[in-house]
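> Sequence and predicted structure are below.
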Amino acid sequence: MKQMRPVRRPVAAASVAALAIAATPIVASAASAAGSGEFRAASSDLAVARVLQPTKPTSKKLPGTKCRAFPASNAWHADISGLPVHPRSAQWLASTDADSTNLHPDFGPSFGEQPVPYGIPITIVKSKKKPTKKVRFGYADESDNVRYPLSRATKIEGGWNAGGDRHAIVVKAKTCKLYETWDTHLTGSGWYAGSGAVWSLKSNKLRPSGWTSADAAGLPILPGLLRWDEITSGKVDHAIRFTVSETQNSYLWPARHRAGSTDNAAVPPMGARFRLKSSFNIAGYSARAQVVLRAMKQYGLVVADNGSNWFFQGTSDSRWPDGIISELKNVPANGFEAVDASDLQVSANSARARR
């Protein structure tokens, strides 16, 4: 099962400095907003009337840790099944060739194409020692310039000799700190990465406005990955990271960074959220595939990077059976719709979501 590797950055003439300019989150163009004024007013009234409800953690702890992938109140865990369809839904689907494209699980068995399974691996570090490795960054002005817990035991996406995005995701089990890097290399002069970001898995704090992360959307990668332990538990309680080939040069909360090559509002921005339609019949799929499809209906997919249309991500894990991968490849992209998630936002600088 040979995978098409996502393109990390858009082919654009913009300089790094231009990409660092903070973008104003948008929901639709002025024309579409004008055409949906009554809809906007009604949804705003509902948002004002809504109160923040305490939420109990439902997600499984990361194996080998006492850490959950961010609080239950985080936007990754927000139920979007009842949100209104976005006014640009049809256009965004058309721009991603949804009528002629199926979902593509960007994880699973590699059948010898590479030394490790497809997907993005997670390295758990149980040592109590403070991280010691200094990393040189290509996007140093948008990266967290701290010490990282990297070592020769760190798992790299695709393996240590791979090309592609070469993501590294490391969790410190004792502190529940998440460290993510993109284009990760150990060179003769030390560690290098295109970009790097650090989060507390106990916090809803976002990155500074306009900053990238190990993902072009400025979001953490870990909470958007499907994990085999979730599937076997029968519950996935978060949105799933996916890519599209072209993105608008803007972003929607809780994304923090734009990496698009067009201002065309008919193209989805970073952070755009899609859900599998409630009418989509999942009865013919296996019980484990249905766990994924139910999550896609309740929590949806999030545009997190530029890459192949409708490629969605999971962990690199030898336990993924080819059967479930093959089933998920038969899900048509036109079974999805974009949603307007703006009413979930509590604060522009927090990933906490209204319930």
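That came through fine. Please read these numbers as outputs of a predicted model, since none were measured by experiment. Numbering: from 1, shown residues only.

> Mind listing what's buried along stretch 312-320?
312-317, 320 (16 or more other Cβ atoms under 10 Å). Using the backbone N, CA and C atoms, a C-beta is placed for each residue, glycine as well.

> tell me the phi and psi of residue 223?
Dihedral pair for residue 223: phi -70, psi -10, per degrees, to the nearest 10.

> Tell me the one of the buried residues of stretch 312-320 nearest residue 221?
residue 313 (7.6 Å; Cβ to Cβ).

> where does the stretch 1-150 of the chain dip in pLDDT?
By pLDDT under 70, the low-scoring segments of the stretch 1-150 of the chain are 1-59.

> again, 50 this time
Residues of the stretch 1-150 of the chain that meet the criterion pLDDT under 50 lie in 1-54.

> Which parts of it are helices?
Using DSSP state H, counting those that start in this stretch, the helices of the stretch 1-150 of the chain run over 16-19, 30-35, 37-49, 89-95.

> What is the distance between the last one and the centre of its chain?
In this case it means helix 89-95. 19 Å (Cα atoms, centre = their mean, to the nearest Å).

> Can you tell me what sits against it?
86, 99, 244, 246, 264-268, 272, 274, 333-334, 336-339 (Cβ atoms under 8 Å, 6 or more residues apart in numbering).

> Which ChimeraX command selects the buried ones in those?
Selecting only the buried entries of those in ChimeraX, with 16+ other Cβ under 10 Å as the criterion:
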select :86,244,265,267,268,272,274,333,334,336,337,338,339
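
> Provide a list of residues in contact with residue 115.
Neighbouring residues of residue 115 by Cβ under 8 Å, 6+ apart: 159, 161.

> Tell me how far it lies from residue 265.
43 Å (Cβ to Cβ, to the nearest Å).

> got it, and residue 162?
Distance, residue 162 to residue 265, by Cβ to Cβ: 36 Å.

> and what of residue 342?
Distance from residue 342 to residue 265, counting by Cβ to Cβ: 15 Å.

> What of residue 189?
Taken as Cβ to Cβ, the span from residue 189 to residue 265 is 44 Å.

> cool, and residue 86?
From residue 86 over to residue 265 (counting by Cβ to Cβ), the distance is 11 Å.

> Same check on residue 121?
36 Å.

> cool, residue 248 as well?
Taking Cβ to Cβ, one finds residue 248 at 7 Å from residue 265.

> ok, now residue 353?
24 Å.

> if I pick residue 153, what's in contact with it?
residue 123.

> In three-state terms, how would it be classified?
coil (DSSP: H, G, I helix; E, B strand; the rest coil).

> Give me the pLDDT for it.
You'll see residue 153 listed with a pLDDT of 97.

> Report the contact partners of residue 328.
103, 105, 289, 292.

> mind putting those in TSV, distance to residue 155 included?
Shown next, in TSV, are these (distance: Cβ to Cβ, whole Å):
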residue	distance to residue 155
103	25
105	19
289	26
292	23
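
> What subset of these is buried?
For the contacts of residue 328, buried by 16+ other Cβ under 10 Å: 103, 105, 289, 292.
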